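S.K.: let me see the structure of the following:
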Amino acid sequence: MLDAGQSAHSIASTTGLNVSTISRICSKEHSELQKATGGHPSKLSSVNVQHVICLIFSGKAENAVQVTKALTNIVNQPLSTSTVHRQLRKTGMKAVAKSKQSLLSAKHCKACLDFAYAHKDWTLEDWKKVVWSDETKINRLGSDGRKWVWKKAREGLSDRLVEGTVKFGEGSLMMWGYMTWQGVGYATKIDGRMDGDLYLQILKDELLNSLQFYGLDSPDIIFQRDNDPKHTCKKVKDWLQEQDFHTMVWPAQSPDLNPIEHLWGYLKRRLADHEFSPKGIHELWEKVQVDWEGIPVEECQKLIKSMPRRIEAVIKAKGGYTKY
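M.R.: Take a look at the predicted model:
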């Protein structure tokens, strides 16, 4: 019966022997036979799975629920999302949260791609000359990233597992800063609403003082700023044109090109490592200043070294989204 290809269950029903007995005989006499994997046959064929992948990559379906609805009419039998989950995992795919990025239009993609082609031959020595600037918002209580904690199976929520937040009075501050190959520049707390006048004053004070502190030669400096209206207003443009340093033309909606975005993340992780949350905005700013000035030069250099790879990634993505 084994030679004829019958299964252990069919032989057991014919002979009255136990299935385990037949399995032992099969292992001893026919060890070369492939063992059955067991379980119910899959409801989805390889063609169905390939159709699922096409639906996902064409944008016609995003998650298992949408895929299940699309497949139910094709296979003509009830399907569960668990079935679709298992089949997708077998192909090497996994479910992840959507990454939040700036919305890119065709115009944005073209501008990013043009910028990448214009700088694709820049060496690290070229990128070392760039002064990277930006602003960021920093919250007083822990909403600037996730905190991780270990828990036991079936352990309920407790103070140890919860990061408390409040609806009102939480508070936040805005800061402006920049980084160079030599390290971070002076951090500036933005009081009130940032406009062209305040931004210009920051450039005149903090930027020029930092360049002088590091002994940087202005003609060799390339200043980078984004396309926020307050950064590109006429009074700021006129002042920048009067300076000895150059100003980089920066494409809109391209935070993944600017390495200082990752420096903000590094700063906020350091702030989250403090044992106690700041009691007010003044204490928060004190912590920000200490942690900002404590950022290692190597961290800035590591981010600037990534620029050739960022440019390459933008070209490969044709101006679209990259892993950065």
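S.K.: so, low pLDDT: which residues of this structure?
M.R.: 33-40, 97-102, 141-153, 155-170 (pLDDT under 70).
S.K.: quick check: closest non-adjacent residue to Ile295.
M.R.: Val184 (5.2 Å; C-beta to C-beta, 6 or more residues apart in numbering). For the C-beta atoms, the positions are set from N, CA and C on the backbone; glycine is no exception.
S.K.: ok, now which ones touch that neighbour?
M.R.: By C-beta atoms under 8 Å, 6 or more residues apart in numbering, the contact list for Val184 reads 177-178, 263, 292-293, 295, 300.
S.K.: for it, give its distance to Ser80.
M.R.: With the distance defined as C-beta to C-beta, to the nearest Å, Val184 ends up 52 Å from Ser80.
S.K.: just the buried positions in the helix or strand harbouring Lys110, please.
M.R.: Lys110 is part of helix 106-118 when elements are defined by DSSP states H and E. Using 16 or more other C-beta atoms under 10 Å as the test for burial, helix 106-118 gives 108-109, 111-113, 115-116.
S.K.: ok, now stretch 267-277?
M.R.: For stretch 267-277, a neighbour-count test (16+ other C-beta under 10 Å) marks 267-268, 270-271, 277 as buried.
S.K.: one more: stretch 251-263?
M.R.: Within stretch 251-263, the residues scored as buried using 16+ other C-beta under 10 Å are 251, 253-254, 256-263.
S.K.: among those residues, which lie within helices?
M.R.: Mapping these onto helices (DSSP state H) picks out 260-263.
S.K.: any idea where the strands of this protein begin and end?
M.R.: Ranges of strands in the chain, per DSSP state E, are 130-139, 172-180, 183-184, 188-190, 222-224, 246-248.
S.K.: for the last one, name the packing helices and strands.
M.R.: Of the remaining helices and strands, those touching strand 246-248 by 3 or more C-beta pairs under 8 Å, 6 or more residues apart in numbering; DSSP states H and E are strand 222-224.
S.K.: may I see the buried residues of the strand it packs on?
M.R.: Under the neighbour-count criterion of 16+ other C-beta under 10 Å, strand 222-224 has 223-224 buried.
S.K.: tell me the helices and strands packed up against it.
M.R.: By 3+ C-beta pairs under 8 Å, 6+ apart, strand 222-224 packs against strand 130-139, strand 246-248.
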